[in-house]
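For reference, the sequence and a predicted model appear below.
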Amino acid sequence: MTQSTVSKDSNALRVMVVDDSASIRSAFSAIITADPGLSLMAAAPDAFVAVEKMRQEVPDVILLDLEMPRMDGLTFLKKIMAQRPIPVVVCSSHTDAGSDAMMKALEIGAAEVLAKPRLDTVIARQEAAVRIGDALRAAAQSRKATARRARPSAALAPGEKLLADVILPPLPPRPVPATEPVIVIGASTGGIDALKLLLESLPAEAPPVVIVQHMPEHFTLAFARRLNTLCTVTINEAKDGDVLQPGNVLIAPGNFHMLLRRVSSHYRVSILEGPCVSRHRPSVDVLFRSAAQAAGA
């Protein structure tokens, strides 16, 4: 689909794609061009070409690969944040090295991270389009964007936005026996820094905590490991059937929903596959609905 066939929102975000793969640049450019709330400003094969294009026009948000020739993405990201902070969405691989690089990118100042999407089927391309579009909007509207200038919100891309009902049907209110407290947290863009500050402040005897942070598969494990080295509480990526215990924090694994379950006098988590809910998997909506049903008021 070409840009001329798409009616663009007047506040469409100007996006620059920086990736050394010609096929990825082409796929990402097509996704952005087909989105009425996004406008493809430029596509560059490396950081040096990107800099030349930015001398002519500054994008609202950058979609950046980390593994590139001549200058890697982390080095380029550092230069962007030091010289002219622009909201950046980072794409990385599923490898352990990619997960570590993702954590470094967030520490440097990336607003959002995405796993390199599958593009081999129509459904995969549709899901990639939704995730990329939403990530670019979220990055542009994050606090890292406010340092530059305020822009009206770009139009939301069309696409399916399922409710938590597809995973967990609603139930009428019912009494729930009193038990030990549990803390339930949901976070999306900007949540990485916020969770770090929050969890670092928790004492070792804190009530059990369950967290959904919208983050790709495999990256949640690196995130949990990183937080565990910084905090007094014990932090792990959740596994199906894990029991909630005081002083322990469970983070939902990327690409899976996490539910809170009551078993006798204690809580466990269930890890489930299923469709994206409110465009996310894991979904905050699913976790919160399960907490409302399992824990009550």
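Right, received. Where do you want to start? Numbering: from 1, shown residues only.

For this structure, which segments count as helices?
Under the criterion DSSP state H, the chain contains helices at 22-33, 47-56, 73-83, 96-108, 122-141, 143-146, 191-200, 219-228, 284-295.

Could you dump those helices into JSON lines and include distance to L171?
Backbone N, C-alpha and C define where each C-beta goes, glycine included. Conversion of those to JSON lines gives the following (distance: least, CB to CB, whole Å):
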{"stretch": "helix 22-33", "distance to L171": "38"}
{"stretch": "helix 47-56", "distance to L171": "51"}
{"stretch": "helix 73-83", "distance to L171": "45"}
{"stretch": "helix 96-108", "distance to L171": "37"}
{"stretch": "helix 122-141", "distance to L171": "29"}
{"stretch": "helix 143-146", "distance to L171": "37"}
{"stretch": "helix 191-200", "distance to L171": "28"}
{"stretch": "helix 219-228", "distance to L171": "28"}
{"stretch": "helix 284-295", "distance to L171": "6"}
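
could you dump these to JSON lines with distance to P208 and mean neighbour count?
Output for those, formatted as JSON lines (distance: least, CB to CB, whole Å; neighbours: other CB atoms under 10 Å):
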{"stretch": "helix 22-33", "distance to P208": "40", "mean neighbour count": "18"}
{"stretch": "helix 47-56", "distance to P208": "44", "mean neighbour count": "15"}
{"stretch": "helix 73-83", "distance to P208": "35", "mean neighbour count": "17"}
{"stretch": "helix 96-108", "distance to P208": "24", "mean neighbour count": "18"}
{"stretch": "helix 122-141", "distance to P208": "29", "mean neighbour count": "20"}
{"stretch": "helix 143-146", "distance to P208": "29", "mean neighbour count": "16"}
{"stretch": "helix 191-200", "distance to P208": "13", "mean neighbour count": "16"}
{"stretch": "helix 219-228", "distance to P208": "15", "mean neighbour count": "20"}
{"stretch": "helix 284-295", "distance to P208": "11", "mean neighbour count": "21"}
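
weakest of those helices in terms of mean pLDDT?
Lowest mean pLDDT of those: helix 143-146, a mean of 46.

got the residue ranges for the strands in the stretch 151-297 of the chain?
All strands of the stretch 151-297 of the chain, identified by DSSP state E, counting those that start in this stretch, fall at 183-187, 209-213, 234-237, 248-251, 257-263, 266-272.

re earlier: looking at the helices of the chain, which is closest to S278?
Closest to S278 of the helices of the chain is helix 284-295 (CB to CB; 5.3 Å).

elements contacting the closest one?
Packing partners of helix 284-295 (3 or more CB pairs under 8 Å, 6 or more residues apart in numbering; DSSP states H and E): strand 183-187, strand 209-213, strand 257-263, strand 266-272.

do that again at 7 Å, thanks
Judged by 3 or more CB pairs under 7 Å, 6 or more residues apart in numbering; DSSP states H and E, the packing partners of helix 284-295 are strand 183-187, strand 209-213, strand 257-263.

export it as PDB, just CAs?
In PDB, the C-alpha atoms belonging to helix 284-295 read as follows (Å, rounded to 0.1, in the frame of the first residue of the first chain):
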ATOM      1  CA  VAL A 284      -2.800  -5.500  32.400                       C
ATOM      2  CA  ASP A 285      -6.600  -5.900  32.000                       C
ATOM      3  CA  VAL A 286      -6.400  -9.700  32.200                       C
ATOM      4  CA  LEU A 287      -4.300  -9.700  35.400                       C
ATOM      5  CA  PHE A 288      -6.400  -7.000  37.100                       C
ATOM      6  CA  ARG A 289      -9.700  -8.900  36.300                       C
ATOM      7  CA  SER A 290      -8.300 -12.100  37.700                       C
ATOM      8  CA  ALA A 291      -7.200 -10.300  40.800                       C
ATOM      9  CA  ALA A 292     -10.600  -8.800  41.300                       C
ATOM     10  CA  GLN A 293     -12.200 -12.200  40.900                       C
ATOM     11  CA  ALA A 294      -9.700 -14.100  43.100                       C
ATOM     12  CA  ALA A 295      -9.000 -11.500  45.800                       C
END
